[in-house]
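Novice: Sequence plus the predicted model coming up.
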Amino acid sequence: MKTKMGRPKVPKAKKRGIMVNARVSPEEHQKILEAVERAKDSKSDWIRKTLLANAV
């Protein structure tokens with residue numbers, strides 16, 4: 001039997017289905033991209049970690 005093509009299934013406990021949107025200026029976006037590059041992370045992971053670290 002052939003293996004299935006496509007993206008592997010993610011367990012329900014690890015699914016992320018809610019999106020948070022924000023508008024930023026070109027200057028703010030550049031600062032974010034620089035911080036992401038310094039962190040050697042994906043933009044999504046960096047934003048998630050930063051938001052959660054600052055959620056009090």
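Specialist: That came through fine. Residues are numbered from 1 along each chain as shown.
Novice: what residue is smack in the middle of this protein?
Specialist: Residue closest to the mean C-alpha point of the chain, counted by C-alpha atoms, centre = their mean, is Ser44 at 1.6 Å.
Novice: And the pLDDT for it?
Specialist: We note a pLDDT of 94 for Ser44 in this prediction.
Novice: Leu51 reaches Val20, doesn't it?
Specialist: Yes: between Leu51 and Val20 a contact is recorded at 7.5 Å, counting by C-beta atoms under 8 Å. The C-beta positions use only the backbone N, C-alpha and C, and glycine is treated the same way.
Novice: who has more neighbours, the two?
Specialist: Per other C-beta atoms under 10 Å, whichever of Leu51 and Val20 has more neighbours is Leu51, with 11 against 7.
Novice: if I look at that one, how far off is Lys2?
Specialist: As judged by C-beta to C-beta, to the nearest Å, Leu51 and Lys2 stand 41 Å apart.
Novice: try Ala13
Specialist: 28 Å.
Novice: how far away is Arg38 from Asp45?
Specialist: Arg38 sits 13 Å away from Asp45 when distances are taken as C-beta to C-beta.
Novice: same deal with Glu27?
Specialist: Separation of Glu27 from Asp45 (C-beta to C-beta) stands at 22 Å.
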